[in-house]
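In: Next one to model:
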Amino acid sequence: MPHSPSIIPYFSYKDGKAAIAFLTKAFGLSVVQSYDDDNGVLQHAELSHGNGVVMVGTADTAKGSPGVYLVVEDVAAHFETAKTAGALIVYPPEQTEWGTWRYRAKDPEGHEWSFGNYAPSTAAPEWS
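Out: Residues are numbered from 1 along each chain as shown. Predicted coordinates:
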């Protein structure tokens, strides 16, 4: 039965495809979906294990440290609350190429948090 968690860890790697190969072989995760850019570089992937999902991507500045993505209903309102409370905004709300909304902020100790209205699932999307 598909499951859509509301808190999802994410990892950025210098080589996202190599990371997926390792994570599936070594830790038993399963690829739910994966998207490459026009140059064949992994941009975004979702891997499942049991009823959980991990998001993985490729980033030039990857240091191997994880982040957390939280699903929120109203991205703009959530952003305003975070900004008013003093969160350091990494980037303001933006629409993704898939039509969803997201933003990123840092807490007082520098941990990065992502928020968006996209809800990953342990089941592959019907359109993939």
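In: before we move on, which element is Glu94 in?
Out: strand 88-95 (DSSP states H and E).
In: How many neighbouring residues does the residue lying closest to Ser34 once chain neighbours are set aside have?
Out: Excluding its sequence neighbours, the residue lying closest to Ser34 (Cβ to Cβ, 6 or more residues apart in numbering) is Ala45, at 4.1 Å. For every residue, glycine as well, the C-beta is placed using N, CA and C. When neighbours are counted by other Cβ atoms under 10 Å, Ala45 registers 24.
In: Count the residues that sit near Asp15.
Out: Residues near Asp15, counting by other Cβ under 10 Å, number 13.
In: typo on my end, Ala21
Out: By other Cβ under 10 Å, 12 other residues sit near Ala21.
In: i'd like the first residue to be 508 from this point on
Out: Done: numbering now begins at 508, and the last item shifts to Ala528.
In: What mean pLDDT does stretch 547-555 get?
Out: The average pLDDT within stretch 547-555 is 94.
In: what separates it from the chain centre, distance-wise?
Out: 10 Å (Cα atoms, centre = their mean, to the nearest Å).
In: Repeat that for stretch 532-541.
Out: Distance, centroid of stretch 532-541 to centroid of chain: 15 Å (Cα atoms, centre = their mean).
In: who's in contact with it?
Out: Here stretch 532-541 makes contact (Cβ atoms under 8 Å, 6 or more residues apart in numbering) with 527, 530-531, 549, 551-556, 560-561, 627-632, 635.
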